[in-house]
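S.K.: below are the sequence and a predicted model; questions follow.
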Amino acid sequence: MSDHNSDRAEPNLTPLLDMVFQLITFFMLVINFKGASMDLSLKLPVLGSARPLERHGKLEPLLLNIDTDGRVTVQGKKIDVEQFITKEARVLKNQLQILGTPIENGELPVPVIVRADRSAPFHLVNRILKLCQEQGYRQFSLSAMTREEKH
Amino acid sequence: MQRSHSQRRRRRKRDQGSVEMNLAAMLDMAFQLLTFFILTFRPAPIEGQLSLNLPPPVPVTTPEASATGGTGIENVLTMETLHLHVVANDRGDVSELRVELNPVVQGKLDEANIQRLDQNLHAKFAVKQIPFDRIQIAVDGRLRYGELMKIIDVCHRQKLPDGSAMQKISFSEVDVGASSSPK
């Protein structure tokens, strides 16, 4: 009886919990799921005029990370670029067929985002651009940093 | 008097049927979630895009060929396509840049040379008699991608007669052995 009445220090955890939930909400909102598809080790060219990509439509763009040796990484995995682009184009054409979207002049209405290292020689990047063009991709978004990153 | 009455009533209510949740477990879980988000948090890089329409390159017709006359689709394309020719050195830097046949840049592509190229292209696009709607760049295969992007950026800044930005840019690769590099 005396135990029950003695002063027990019970901190009010409600405000603390509120604050923690607010922090969790903040981190959930700013979490960058697309970061997984980007190879952040690449040093992109720096161009002041580069603008954020405006997306139209529901179809996902094709994102290709190209390193200095011309190797292509998608979702963190090195891939055989020729096979990958052919497969992606085939899947996209099927999707467009299901959606009833006509393919005009054989041009696929989905952009290819090219994230190539600034030191990569042009002939390696061009090989990949050509492969995309052969499959019908015409819209390209070349990624660049808007300003030099500080290390 | 009234105050003490209401206090008494509140206390009685609390004693009778209040449910106190144990928040400690929930707080533990919330902290774990928070730790996960903090540890996996990586701010998105400040990245932009240069949107281009890259049609496959068309066969290049030299300005001499178009000057000699002739008819057909190749000449029509020559009238509307501006040709740039970029030669690189072994390090992958620009060593020479020609607009049609005129050398515009000699040496490294620094700020002054970029400005010179911009002025040259601006003058070309200001001529209303020849409405360019496309730029074709013949690029030395050794050129570094970063250097090429600087050139594309200048091309992208040019305005078409309707006021829109130049977006139709195509590349063709010049054989390294065929291109003469001064360095």
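M.R.: Arrived safely.
S.K.: what are the ranges of the strands in the chain?
M.R.: Reading this off chain A. A:62-66, A:72-74, A:77-79, A:112-116, A:139-145 (DSSP state E).
S.K.: oops, chain B please
M.R.: Counting by DSSP E, the strands of chain B are B:47-53, B:81-88, B:94-99, B:102-106, B:134-140, B:169-174.
S.K.: got a list of what A:Val20 touches?
M.R.: Neighbouring residues of A:Val20 by Cβ atoms under 8 Å, 6 or more residues apart in numbering or on different chains: B:27, B:30-31, B:34. From N, CA and C alone the C-beta is placed, and that goes for glycine too.
S.K.: buried set for the helix of greatest length in chain B?
M.R.: Assignment by DSSP state H gives helix B:23-40 as the longest helix of chain B. Using 16 or more other Cβ atoms under 10 Å in any protein chain shown as the test for burial, helix B:23-40 gives B:27, B:30, B:33-34, B:37.
S.K.: circling back: tabulate the strands of chain B (JSON lines), appending distance to chain A, mean pLDDT and mean neighbour count.
M.R.: JSON lines is the format used below for the strands of chain B (distance: least, Cβ to the nearest Cβ, whole Å; pLDDT from 0 to 100; neighbours: other Cβ atoms under 10 Å in any protein chain shown):
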{"stretch": "strand B:47-53", "distance to chain A": "3", "mean pLDDT": "84", "mean neighbour count": "19"}
{"stretch": "strand B:81-88", "distance to chain A": "8", "mean pLDDT": "90", "mean neighbour count": "22"}
{"stretch": "strand B:94-99", "distance to chain A": "11", "mean pLDDT": "90", "mean neighbour count": "21"}
{"stretch": "strand B:102-106", "distance to chain A": "16", "mean pLDDT": "88", "mean neighbour count": "15"}
{"stretch": "strand B:134-140", "distance to chain A": "5", "mean pLDDT": "89", "mean neighbour count": "22"}
{"stretch": "strand B:169-174", "distance to chain A": "5", "mean pLDDT": "84", "mean neighbour count": "20"}
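S.K.: distance to A:Leu64 for these - can I get that in TSV?
M.R.: Formatted as TSV, those follow (distance: least, Cβ to Cβ, whole Å):
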stretch	distance to A:Leu64
strand B:47-53	13
strand B:81-88	23
strand B:94-99	25
strand B:102-106	29
strand B:134-140	19
strand B:169-174	16
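S.K.: re earlier: wondering if the longest helix of chain B reaches chain A at all.
M.R.: Yes - counting by Cβ under 8 Å from any Cβ of the partner chain, chain A is contacted by helix B:23-40 at B:23-24, B:26-27, B:30-31, B:33-34, B:37-38, B:40.
S.K.: from these, which is closest to A:Leu29?
M.R.: Nearest to A:Leu29 among those, counting by Cβ to Cβ, is B:Phe37 at 10.2 Å.
S.K.: is it true that that closest one touches A:Val30?
M.R.: No - the pair B:Phe37 / A:Val30 is not scored as a contact, 9.1 Å apart, by Cβ atoms under 8 Å.
S.K.: and the lengthiest helix in chain A, what's its mean pLDDT?
M.R.: Across chain A, the longest stretch assigned as helix under DSSP H is helix A:81-99. For helix A:81-99, the mean per-residue pLDDT is 91.
S.K.: the inter-axis angle of that helix versus strand A:112-116?
M.R.: 160 degrees (axes from the mean of the first three to the mean of the last three Cα atoms, to 10 degrees).
S.K.: show me what helix A:81-99 is packed up against.
M.R.: Judged by 3 or more Cβ pairs under 8 Å, 6 or more residues apart in numbering or on different chains; DSSP states H and E, the packing partners of helix A:81-99 are strand A:62-66, strand A:72-74, helix A:122-134.
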